[in-house]
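> Give the three-dimensional model of this entry:
(one chain, ligands or ions: 2)
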Amino acid sequence: MSENKKVIFSGIQPSGNLTIGNYLGALKNWVKLQDEEEYDCYYCVVDLHAITVKQEPAELRRRTLEVLAIYIAAGLDVDKVTLFIQSHVKAHSEAQWLLNCSTYLGELQRMTQFKDKSAKYSNVGAGLLNYPVLMAVDILLYQTDLVPVGQDQKQHLELTRDLAQRFNNTYSDTFKIPEPYIPKEGAKIMDLQDPTKKMSKSAENPNGYIFIMDPPDVIRKKISRAVTDSLGVVKYDVENQPGVANLMTILSTLTGMSFEEIEKKYEGQGYANFKKDVGEAIVAELEPIQNKVKDILSDKKYLEEVYKKGAEKANYVANKTLRKMQKKIGLIPPAR
Ligand code: AMP
Ligand code: TRP
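Numbers count the residues shown, from 1 in each chain. Ligands and ions are numbered 1, 2, ... in the order given. The predicted structure is shown next:
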């Protein structure tokens with residue numbers, strides 16, 4: 001079946017509404033990759049990751065389905081790729097324990113995402129620390145070759161490779177060593193109000209992010225309010241004009257225009273037209289997706305079929321790797 005195809009795995013947490021950072025840094029590339037025939041793709045809604053910080057149960061359920069609908073609406077083809085919900089494949093939780101036992105505390109404490117998040121919350125749960133091990137098994141259970149993610153996940157990918165190598169060295173070859181796949185452009189979309197910070201679904205100021213599901217007028221307004229500078233020149237200069245550079249990145253990844261072409265187009269015009277066009281480019285991309293999301297969410301039965309089929313395939317593959325891990329570690333297989 002898919003034995004000699006290269007495997008791709010990635011996921012997004014349903015911990016908040018998805019932003020155009022998630023879209024441009026991750027989702028848009030997943031859609032590109034699915035059309036390259038040589039890949040067997042798994043895209044997961046990582047609900048077990050989301051509960052590393054407190055979630056309201058009803059909201060978590062709503063968002064989990066919405067993220068799945070966004071995957072499909074953005075262009076992932078349910079007949080070509082495997083879409084599933086992480087908690088439907090129990091092997092992830094089991095394998096995480098096994099890999100946890102050969103992970104060093106120091107490795108986890110060094111993760112920048114852990115440092116950032118643990119500084120933000122007062123009662124830091126153990127899940128927040130252990131989360132990169134869960135991410136590692138997500139990837140390793142599928143013998144993944146390539147992991148398309150934004151820049152912020154690079155460190156977790158390096159840890160995944162270290163943990164896989166350590167397990168292979170201790171118990172003999174078990175896991176494929178995965179490679180990150182980080183886009184050249186769009187890998188780090190910045191906050192619209194503070195362009196030195198990553199755009200995040202959990203930022204305090206809603207003007208800093210654009211949700212994939214934000215209504216068109218809200219998108220236009222947020223872009224018109226985006227922080228720029230007083231230089232008045234559309235120029236790609238991250239150091240001195242981070243706000244403008246961020247908007248240029250968004251426009252470029254959406255339209256395919258190069259930075260030089262953008263600079264030329266808006267020469268001598270200040271920022272008004274430029275910002276207007278950025279807003280329109282986002283609306284043009286997202287509006288059709290939003291309409292599809294609404295259609296898909298109104299058909300719960302269809303969604304159920306999608307995640308049922310996805311979980312069946314994912315379970316089959318993940319269990320195979322889990323059994324290998326158990327056997328190599330020295331656990332006795334259950335009697336039949
Ligand atoms: P998360 O929302 O943390 O589950 O991230 C899901 C995916 O979106 C990961 O591949 C991230 O690297 C990517 N991502 C999140 N925020 C951004 C951003 N501001 N710019 C680019 N990629 C992002
Ligand atoms: N940790 C990732 C994030 O916050 C989400 C994620 C979980 C993931 N498991 C994964 C991404 C496996 C890629 C592969 O963005």
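> for the nearest residue to residue 286 once chain neighbours are set aside, what are its contacts?
Residue nearest to residue 286 in three dimensions, not counting chain neighbours: residue 212, with 6.0 Å by C-beta to C-beta, 6 or more residues apart in numbering. All C-beta spots, glycine's among them, are computed from the backbone N, C-alpha and C. Residues in contact with residue 212 (C-beta atoms under 8 Å, 6 or more residues apart in numbering) are 17, 18, 19, 20, 22, 23, 70, 286, 289, 290, 293.
> So what's the predicted local confidence for the residue in the stretch 151-300 of the chain that ligand 2 sits nearest to?
Distance from ligand 2 to each residue of the stretch 151-300 of the chain (C-beta to the nearest ligand atom) is smallest for residue 153, at 5.2 Å. Residue 153 is assigned 96 on the pLDDT scale.
> Next one: the closest residue to it other than its chain neighbours from residue 157, what distance?
Spatial nearest neighbour of residue 153, chain neighbours left out: residue 180 (7.3 Å); criterion: C-beta to C-beta, 6+ apart. Using C-beta to C-beta, to the nearest Å, residue 180 is found at 4 Å from residue 157.
> for the residue of the stretch 1-150 of the chain found nearest ligand 1, what are its contacts?
Nearest residue of the stretch 1-150 of the chain to ligand 1: residue 25, at 2.0 Å (C-beta to the nearest ligand atom). By C-beta under 8 Å, 6+ apart, residue 25 lies in contact with 149, 150, 151, 183, 186, 187, 188, 189.
> Report the separation between the fourth one and residue 33.
This means residue 183. Distance, residue 183 to residue 33, by C-beta to C-beta: 11 Å.
> What segments of the stretch 201-336 of the chain are helices?
Listed in chain order, the helices of the stretch 201-336 of the chain (DSSP state H, counting those that start in this stretch) span 216-224, 242-255, 259-265, 272-297, 300-329.
> In JSON lines, list those along with mean neighbour count, mean pLDDT and distance to ligand 1.
As requested, those are arranged in JSON lines below (neighbours: other C-beta atoms under 10 Å; pLDDT from 0 to 100; distance: least, C-beta to the nearest ligand atom, whole Å):
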{"stretch": "helix 216-224", "mean neighbour count": "17", "mean pLDDT": "98", "distance to ligand 1": "14"}
{"stretch": "helix 242-255", "mean neighbour count": "22", "mean pLDDT": "97", "distance to ligand 1": "9"}
{"stretch": "helix 259-265", "mean neighbour count": "15", "mean pLDDT": "97", "distance to ligand 1": "17"}
{"stretch": "helix 272-297", "mean neighbour count": "17", "mean pLDDT": "97", "distance to ligand 1": "14"}
{"stretch": "helix 300-329", "mean neighbour count": "16", "mean pLDDT": "98", "distance to ligand 1": "18"}
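> possible to save those helices as a markdown table with distance to residue 8?
As requested, those are exported to a markdown table (distance: least, C-beta to C-beta, whole Å):
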| stretch | distance to residue 8 |
| --- | --- |
| helix 216-224 | 30 |
| helix 242-255 | 20 |
| helix 259-265 | 28 |
| helix 272-297 | 21 |
| helix 300-329 | 13 |
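> Indicate which one of those is closest to residue 128.
helix 300-329 (23.5 Å; C-beta to C-beta).
> tell me what that closest one is packed against?
helix 57-73, strand 82-85, helix 91-100, helix 154-171, helix 272-297 (3 or more C-beta pairs under 8 Å, 6 or more residues apart in numbering; DSSP states H and E).
> so what sits against both of residue 183 and residue 33?
residue 148.
> Common neighbours of residue 180 and residue 157, please.
147, 149.
> which ones are touching residue 329?
98, 171.
> Now with 10 Å, please.
By C-beta atoms under 10 Å, 6 or more residues apart in numbering, the contact set of residue 329 is 98, 101, 102, 167, 170, 171, 174.
> Just the buried residues of these.
98, 167, 171, 174 (16 or more other C-beta atoms under 10 Å).
> okay, the residues you listed in TSV with pLDDT and distance to ligand 1 next?
Below are the buried ones among the contacts of residue 329 laid out as TSV (pLDDT from 0 to 100; distance: C-beta to the nearest ligand atom, whole Å):
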residue	pLDDT	distance to ligand 1
98	98	24
167	98	24
171	97	29
174	98	25
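> Many thanks, I have nothing further to ask.
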